[in-house]
Every structure is written in structure tokens, then in C-alpha cells.
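Visitor: Turn this into a structure:
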Amino acid sequence: MQVKEIEKLSPKELRQRADAVFAKADEKGPSYLIEAQFYMQELSRREDSKIARRDFRMELIVILLIGLEIVIALYEGHEQTNLIASQTQILQNLQTSTKNTADALTEELALEYKVSVNLGTNSDQLSIFNNSKNEITIWGMKIDGRPAKATPNSPISIPANGMANVMIERLYPAFFGKLSRTEYVGLPVTVYIKGSNSREYIVQSTFDFSGQGFKEIKGVPTVSRPQDWSDMISFSPGPSGSQEPSSRPQSSQ
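Guide: Next up is the predicted model:
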């Protein structure tokens, strides 16, 4: 018998031949057992080969499943990264939108409470015009580097689009008494005010002063700016007297 013939035998045929050889061994002696052992080893070899192929396929399947799991994990990680990036962008857009809204509201509020004041003269009085949308209060003033003086009956309330007159000579009688009656000198005037939201401002302009009074200087603007003055300024008491604000429309100064 050739090897090719043995390889073509099925397991069933190998068992049949082994059984036949075992039967001969029972009749004619143990010399036939070697041939029977050959068939049994061939059956065992084929069984081991079958188990090896099965194990190989199982290991291959496990490797493929692990590879598939890695691919899925990488895909999910990529999707999660994209999701996080998208959520981050949404949060950034929301923050930007919120900031823009807050800035717009702050700007609107600032415009609503913005203080706009002009200083002018009315005979021998300082006229304070309130161009703001809300009421303001006048707390005091000063000329040049002289001590700040509280306005009479301070604070003086001026309604929106209203005005008030202050006799500035009564605040600084000694100063006016020393001035020349024929020559004017330009000196800055500072007025301390508060807006309707209690924010503090200073208003400044320059006027020509003499012993006979004071007058406006053409082309000199009035400057209003926020400044916390209450912790820095201590007003000297001014003379008492009624200073009535007016709500009549104001002219351009």
C-alpha cells in the first residue's frame, strides 16, 4: 500500500481496516497489531491536525475581533473628538453672544445715564445746563486751585433738560475782591455733580474773571467726565441762599 492510498482513506475506512487487523490478530497472533497501531496513529494524527486547524481558526477569529474592536474604538474616539470640538465651538459662540449682549446692554445703560452738562453765564451767575436724560445734583465747585466750596443749599437738583444758576461771587467774595476791575484773567471752574445713578462726575470749563464779575470765553468747551471725587474732596461750607433750578428748555451754550 502506498502513502497516497492511505491519505485518501477516510477515518471510517481507517477504523474498518484497524478493526479487520485486530480481528486477524485475535486469530493468527499479535504480529498484526503493528499494522493496527499504524492505522490508529493515522487516525490520531488526523484528529490532532483537525484540532490544530480548529484552534488556528479560533485564534484568527479572536485576532480579527480584537482588530475590529480597535477600529471601532478609534472611530468612536474620532467621533467623540469631533463632538467635543463642536460642543466647545458652541460654548464659545454662546459666550461671545452673551458678551456681545451684555456689552450692548451696558452701552445702552451707559447712554441712558450719560451725563451731559454745559456751563455758561447769566449776568453775575454761573448757569449750569443739564442736557442729560435724567436728573443730576450739584454738590459743589471751585475756581482754579482754590478750596472747593459747597453750593448753597447743596445738593442742588436739576431735572433733565433743566438749568440752575449759582452766584459764584458769593462763594468766593475775597477772591473777587482782589481782582482787577478792568482786566480779565482766564481761570478754570470745576463743578462736582452726581448722576441719577449716583455716579460722580466733574464738569470743567474756563471763564474770564475780573473784579466786576466773569464772562464766557468764546470757543472754550465744557468737559464732563466720570471721576470719584467724594473721597478726595472736602467742601468748605458755602453761603446759604435759595438756588432754584429751572425746567425751561435750554439754549445752546
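
Visitor: Now do the longest helix seen in the chain, average pLDDT.
Guide: The helix that spans the most residues within the chain, counting by DSSP state H, is helix 33-113. The pLDDT scores in helix 33-113 average 85.

Visitor: swap in stretch 200-218?
Guide: So the average pLDDT for stretch 200-218 ends up being 85.

Visitor: ok, and for that stretch, which residues are buried?
Guide: If you call a residue buried by 16 or more other CB atoms under 10 Å, then stretch 200-218 has these buried ones: Glu200, Tyr201, Ile202, Val203, Ser205, Thr206, Phe207, Asp208, Phe209, Gly213, Phe214. In this view, the C-beta of every residue, glycine as well, is placed from N, C-alpha and C.

Visitor: Just the element for the fifth one, please.
Guide: Translated: Ser205. Using DSSP states H and E, the element containing Ser205 is strand 200-210.

Visitor: List of residues touching that strand?
Guide: 115, 117, 119, 121, 128, 143, 176, 179-195, 214-217, 220-230 (CB atoms under 8 Å, 6 or more residues apart in numbering).

Visitor: These in strands, which ones?
Guide: Among the contacts of strand 200-210, DSSP state E puts 117, 119, 121, 128, 143, 185-194, 214-216, 223-226 in strands.

Visitor: Now list the buried members of those residues.
Guide: For the ones in strands among the contacts of strand 200-210, buried by 16+ other CB under 10 Å: 117, 119, 121, 128, 143, 187, 189-194, 214, 224.

Visitor: Have a look at the residues you listed and tell me the least confident one.
Guide: Of all these, Phe214 has the smallest pLDDT value, namely 78.

Visitor: need the contact list for the residue located most distally from the centre of the chain.
Guide: Ranked by distance from the centre of the chain (CA atoms, centre = their mean), the top residue is Lys28, with 103.2 Å. The contact partners of Lys28, by CB under 8 Å, 6+ apart, come to none.

Visitor: before we move on, back to that, and which of the buried residues of stretch 200-218 is nearest Gly77?
Guide: For those, the minimum distance to Gly77 (CB to CB) is 57.9 Å, reached by Glu200.

Visitor: gap between the closest one and Ile233?
Guide: The spacing between Glu200 and Ile233, counted by CB to CB, to the nearest Å, is 10 Å.

Visitor: Give me the common contacts of these two.
Guide: Counting by CB under 8 Å, 6+ apart, the shared contacts of Glu200 and Ile233 are Tyr192.

Visitor: my read is Thr137 is in a strand, agree?
Guide: Yes. Counting by DSSP: H, G, I helix; E, B strand; the rest coil, Thr137 is located in a strand.

Visitor: ok, it - how many residues close by?
Guide: Here the number of neighbours of Thr137 (other CB atoms under 10 Å) works out to 18.

Visitor: what bridges to it?
Guide: For Thr137, the beta-bridge partners under DSSP bridges are Ser157, Lys194.

Visitor: That one: what's it in contact with?
Guide: Going by CB under 8 Å, 6+ apart, Thr137 touches Pro155, Ile156, Ser157, Ile158, Ile193, Lys194.

Visitor: ok, these vs Ser132, which is closest?
Guide: If you rank the contacts of Thr137 by distance to Ser132 using CB to CB, Ile158 comes first, at 8.8 Å.

Visitor: correct me, but that closest one touches Ser127?
Guide: No. With contact defined as CB atoms under 8 Å, Ile158 does not reach Ser127; the gap is 10.6 Å.

Visitor: Look up which residues are beta-bridged to Thr121.
Guide: Beta bridges link Thr121 to Leu126 when assigned by DSSP bridges.

Visitor: quick check: domain ranges of the protein?
Guide: Domain assignment for the chain by automatic domain parsing gives 1-113, 114-226.

Visitor: among those, which is the most enclosed?
Guide: Comparing the domains of the chain by mean neighbour count (mean count of other CB atoms under 10 Å), domain 114-226 ranks first with a mean of 17.

Visitor: Now do the end-to-end distance for that one.
Guide: End-to-end distance for domain 114-226, by CA to CA, to the nearest Å: 10 Å.

Visitor: Many thanks, I have nothing further to ask.
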